[in-house]
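# Model the following, please.
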Amino acid sequence: MPDNREVLYFLQTVPGIGNKTIRELWNYFKDADALFHANEEQLSGILSTEQTRAFLEEREKETPAERLAKLKKNGIRYCSIFDWDYPARLRVVSDCPLSLFVKGSLPQEKCMTAAVVGARNHSYYGEKQTKLFAGVLVQRGIEIISGMARGIDSIAQKAAIENGGRTYAVLGCGADICYPKESRALFEQIPEHGGIISEYLPGTTPKAGLFPMRNRIISALGDILLVMEAREKSGTLITVDMALEQGKEIWVLPGRIDDVLSCGCNRLISQGAGILTGISEFSKELEGLQKKYGISNEDKNQGRHKKERTCERTKSKQDKGMIRDDYSDGMKMTSLEKEILSLLDYQPVTLEGIYEKLLQNAKASHTIQEVSTSLLNLCVKRLAIQTNGFWYIRA
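Now for the predicted structure:
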């Protein structure tokens, strides 16, 4: 006699039958065995002729148990809504997935989680801040949820792994398919440091219509949501809307008012979202949030890989200024270097552009060669970065 999860998986593999129809079938038959062994007449009350034919054909191929066993053989774990370890964070969502296909593990119930999302075509500013804030989250034992998309998603998840933390990627395709292809290395790493999660059958190829639906899972699995960069009409805002419907707290990275990559973020801030004003401030906020979600120090340590090595590495990064808000304090610089550094930010600018700004500020007592030398010194001191040829940004 097939059990609930076996029949559920069988129904999911029948061509033409979706979640809505599965719910209708379950509500009608109320018993897994009765549903699986239903005859054509019984099925026709809910299914179309084509769906009924597909149901009967699939039923003859193999038993539900045999069908489900193939998943395990392929290294994919099946977690249905009937299972005790189905995420509690998802159960409360009205349109929660009937099941999840997992490579690796699911988020730990006793650990606080944070969903991190943002622009695919990100800026250097967005990349840097994502790495810093992801590092702070992991430092406190918070697990990171994202979608492994190119850009902010992947940056956050790589940072989680590099800092010894755990991360989970919710895909808009099958859990056995790497998308985007350039994220292959990350796709293979994540199951060892968390899990790859999908509500779609293995083999499901990525389609545009699948990604908005997976966003509700990302927002649901995160206790809070961090938005690092978003355009005015960014797909990231779909995740924000879903998170708000689920009662989640939203934290947003602010940006320039004329920066298209920050228009969506700035609008969220104007509507009352929390502002990520700095690492130290956010770390204090996290302390309160972890108390709110009932996370103890013991729980935090359970969610961390290589705990002692991670603490040493994090301390080293703090010493080098990787976590501090302003790490130019105490650095010996010439007056020209200080002037140039004050003009640099996260928007790339050329040597000529910097020189022109010095001219506009009536600080043209230096030659362009001297400005070039000072820029090089700032790069050596890791206070500036040269990108894409002769463009410079603040480190």
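
# which outside residues touch stretch 265-281?
With contacts defined as CB atoms under 8 Å, 6 or more residues apart in numbering, stretch 265-281 is touched by 129, 132-133, 136, 226-230, 232, 237, 240, 249-255, 257, 282, 285, 323-325. In short, each C-beta sits where N, CA and C put it, glycine included.

# I'd like to know how far T52 sits from L261.
50 Å (CB to CB, to the nearest Å).

# Please parse this structure into its domains.
Domain assignment of the chain by automatic domain parsing yields the ranges 4-73, 113-319, 335-394.

# Just to be sure, A169 is in a strand?
Yes. According to DSSP: H, G, I helix; E, B strand; the rest coil, A169 belongs to a strand.

# Tell me how many other residues surround the residue lying closest to it once chain neighbours are set aside.
Take A169 and drop its neighbours on the chain: the residue closest to it by CB to CB, 6 or more residues apart in numbering is M148, 3.8 Å away. If you count neighbours by other CB atoms under 10 Å, M148 ends up with 23.

# quick one: what helix or strand has the nearest residue to T334 once chain neighbours are set aside in it?
Using CB to CB, 6+ apart and skipping residues adjacent in sequence, the residue nearest T334 is S374, 6.7 Å away. S374 is part of helix 368-380 when elements are defined by DSSP states H and E.

# circling back to that earlier point, what's the residue nearest to A169 in contact with, if anything?
For M148, the contacting residues are 154, 157, 169, 171, 179, 183, 186-187, 190, 196, by CB under 8 Å, 6+ apart.

# How about I152?
Neighbouring residues of I152 by CB under 8 Å, 6+ apart: 116-120, 122, 126-127, 130, 146, 228-229.

# again with P180
Listed by CB under 8 Å, 6+ apart, the contact set of P180 reads 149-150.

# Phi, psi for it please.
Backbone geometry at P180, expressed as degrees, to the nearest 10, gives phi -80, psi 160.

# Quick check, pLDDT for it.
Looking at P180, its pLDDT stands at 93.

# S342: neighbour count?
12.

# typo on my end, L383
L383, neighbours per other CB under 10 Å, totals 20.

# same check, this time on G203
Neighbours of G203 using other CB under 10 Å come to 11.

# And it, how far from G272?
According to CB to CB, G203 stands 42 Å off from G272.

# Cross-check the contact I'm expecting between E40 and Q51.
No. Using CB atoms under 8 Å, E40 makes no contact with Q51, being 11.2 Å away.

# Does P202 belong to a helix, a strand or coil?
Under three-state DSSP, P202 falls in the coil class.

# Tell me if I'm right that it and A175 touch.
Yes. Between P202 and A175 there is a contact at 6.1 Å, judged by CB under 8 Å.

# Looking at these two, which is more packed in?
Neighbour totals were compared for P202 and A175, and A175 leads with 29 against 19 (other CB under 10 Å).

# now that one: how far from Y78?
As judged by CB to CB, A175 and Y78 stand 10 Å apart.

# Next up, phi/psi of R394, please.
Phi and psi for R394, reported as degrees, to the nearest 10, are phi -70, psi 140.

# With T113 instead?
T113 adopts backbone torsions of phi -130, psi 150, taken as degrees, to the nearest 10.

# Could you list the low-confidence segments of this protein?
294-331, 346, 362-364, 387-390 (pLDDT under 70).

# Identify, by residue count, the longest helix of it.
Assignment by DSSP state H gives helix 124-139 as the longest helix of the chain.

# next SSE after that one?
Sequence order places strand 143-146 as the next helix or strand after helix 124-139, per DSSP H and E.

# Check which helices and strands that following strand sits against.
With contacts defined as 3 or more CB pairs under 8 Å, 6 or more residues apart in numbering; DSSP states H and E, strand 143-146 has these neighbours: strand 113-117, helix 124-139, helix 152-162, strand 167-170, helix 210-221.

# how about 7 Å then?
When contacts are defined as 3 or more CB pairs under 7 Å, 6 or more residues apart in numbering; DSSP states H and E, strand 143-146 sits against strand 113-117, helix 152-162, strand 167-170, helix 210-221.

# Next, format these as JSON lines and append distance to E66.
Shown next, in JSON lines, are the helices and strands packed on strand 143-146 (distance: least, CB to CB, whole Å):
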{"stretch": "strand 113-117", "distance to E66": "35"}
{"stretch": "helix 152-162", "distance to E66": "35"}
{"stretch": "strand 167-170", "distance to E66": "28"}
{"stretch": "helix 210-221", "distance to E66": "28"}
